[in-house]
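K.L.:
return atomic coordinates for the entry below.
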Amino acid sequence: MKDYKHVAFLCGYFNLPEQYGQTPFLTEGWKEIVYDDGMIEEYKKFFYHELVEFCMRGSCSGCVHSYRYDIQQPVTLSLGEGESPYRFFLKNVTVYIMPYAMLMYSIEIEQETDDLNQITSVMSVLRSVICYDKVKHGAFIDAAINPIMDLYRWFHKTENVSFNQLIENGNKLKVFQVVNSVSAVSLDEVEKDVLLFELGTLSRVGSYAKHEDNGISPSYLEEVLHKSKISFYNNWSALSLMDTFTILSFKAPGWLLNNWTDTYFRLIYIHSLFLKFYLFRLNIRFRKNLSDISQLEDELVSFESAYCFHKISYNFLPLAIYKSIDSGLEISEERSQLYHLIDVENQRREKRNDRKVNRFLIFLTLLTMLSTLWDSSCLFNELYPYTEYVGSTIAGYKIVVSALSLVIIVAIIVIFNKRK
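P.N.:
All right, here's what the predicted structure looks like:
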């Protein structure tokens, strides 16, 4: 029996056309994931109704529709010349048809090994989509990536698909992983923290202890652990980062491992990734298409009302993990940035509208002043005929208009000086 058992999910997404029609999952191999009412009601005893309905009630509008492609085969991965290939077990690919024309997917793999560097090496290669090599990684591509690319071709009605198009932003897949160890329980707390950090960052295990010049500094290690580590029990701890969520456990029973993969991943992490991916996409749309800011703002409000849950569970542990994942993925920051953009753009538009209104008011004021000057000069002409006093009607009008204009200008100057 190997010392380390590793279960991991590689996650990504791409956008769908707004009108993509029926889903193509009737093809051989894909099966819809359907949860019976009894299981859904059981989950509602621990998680809030909205989250359970969103993630598990695939038949409702606005919920996740999930489909699985079972693979269940060992895969050999070549890392490079002079390095021994690694073997892992590829379990399945799951796709999640999300609201707002988004397709998310996860690739589940398992490893059992005595070498922790096999875990970090395999995950480093598999998550880097832009580095896929059809020769070195051909078995993995054929079994797991090609089914996803076939879906992309079907939805987008195109045959020209590259690996890069399977990730809408960035260059890496997100990773949710659990490493369960037998021997690591004997490590002291500092060694456990270092191991958790190296697994979470997919670094070479043992590199920190060597104190190499290009190694991680102790201050950075301490900062990351202080900000991103969660630990409530002696037999496990977790590290929530932007690209990975890692659980390091020690002699954890099978039911606990299943709880992390079946519950925390499929409910909490998938929902959190949906929030992150959508908000990131909306941020980009705000920057590219500010002319439709009111429509985008309405969409954001509708999205938050339907999918941004303040609480997701009645129990403290799921809530703590949910907050930790939110912090690691910077979901709250993404939302704050969106509202900041909305606020700045609304202020800019208000100022622009104010300037337009002010120009119009100035125009009306000038018209009113001209009308007043004309009416006043006519009144003076009736009271004191210009031909009798200045010898000319035109000259009289000019004198009166000039005098009244001077009075108005002096009044304006006095008013502005008082404001200063």
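
K.L.:
quick one: list the elements packing against the helix or strand Y67 falls within.
P.N.:
Assigning secondary structure by DSSP states H and E places Y67 in strand 65-77. Here strand 65-77 touches strand 30-32, strand 86-98, helix 116-127, helix 138-140, going by 3 or more Cβ pairs under 8 Å, 6 or more residues apart in numbering; DSSP states H and E. Yep, even glycine has a C-beta here, placed from its N, CA and C like the rest.

K.L.:
relative to helix 116-127, how tilted is that strand?
P.N.:
Going by axes from the mean of the first three to the mean of the last three Cα atoms, to 10 degrees, strand 65-77 is angled at 120 degrees with respect to helix 116-127.

K.L.:
could you list the paired strands of strand 65-77 along with their orientation?
P.N.:
strand 30-32 (antiparallel), strand 86-98 (antiparallel) (DSSP bridges).

K.L.:
quick check: buried residues in the last one?
P.N.:
Of the residues in strand 86-98, Y86, F88, F89, L90, K91, N92, V93, T94, V95, Y96, I97, M98 count as buried by neighbour count, 16 or more other Cβ atoms under 10 Å.

K.L.:
next one: stretch 219-231
P.N.:
L221, V224, L225, S228, K229, I230.

K.L.:
what bridges to the nearest residue to the fifth one once chain neighbours are set aside?
P.N.:
In this case it means K229. Using Cβ to Cβ, 6 or more residues apart in numbering and skipping the chain neighbours, the partner closest in space to K229 is L239 (5.4 Å). Under DSSP bridges, the beta-bridge partners of L239 are K229, T246.

K.L.:
next, count neighbours for L239.
P.N.:
L239 sits with 25 neighbouring residues when counted by other Cβ atoms under 10 Å.

K.L.:
I'd assumed H226 was in contact with it.
P.N.:
No - with contact defined as Cβ atoms under 8 Å, L239 does not reach H226; the gap is 11.2 Å.

K.L.:
okay, strands next: where are they in the stretch 151-300 of the chain?
P.N.:
174-181, 229-233, 236-240, 244-250 (DSSP state E, counting those that start in this stretch).

K.L.:
lowest mean pLDDT across the ones you listed, which one is that?
P.N.:
Among the strands of the stretch 151-300 of the chain, strand 229-233 carries the lowest mean pLDDT, a mean of 93.

K.L.:
and that strand, what does it pack onto?
P.N.:
For strand 229-233, the packing partners by 3+ Cβ pairs under 8 Å, 6+ apart are strand 236-240, helix 316-329.

K.L.:
show residues contacting the shortest one.
P.N.:
Right, the one you point to is strand 236-240. 192-193, 196-197, 199-200, 224-225, 228-231, 245-250, 252, 256, 321, 324-325, 327-329 (Cβ atoms under 8 Å, 6 or more residues apart in numbering).

K.L.:
can you tell me which of those are buried?
P.N.:
192-193, 196-197, 199-200, 224-225, 228-230, 245-250, 252, 256, 321, 324-325, 327-329.

K.L.:
quick revisit: as CSV, the strands of the stretch 151-300 of the chain with distance to K288 would be great.
P.N.:
Shown next, in CSV, are the strands of the stretch 151-300 of the chain (distance: least, Cβ to Cβ, whole Å):
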stretch, distance to K288
strand 174-181, 24
strand 229-233, 36
strand 236-240, 30
strand 244-250, 29
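
K.L.:
between the ones you listed, which one is closest to L338.
P.N.:
Checking the strands of the stretch 151-300 of the chain against L338 by Cβ to Cβ gives strand 174-181 as the closest, at 20.4 Å.

K.L.:
what packs against the closest one?
P.N.:
strand 4-15, helix 116-127, strand 244-250.
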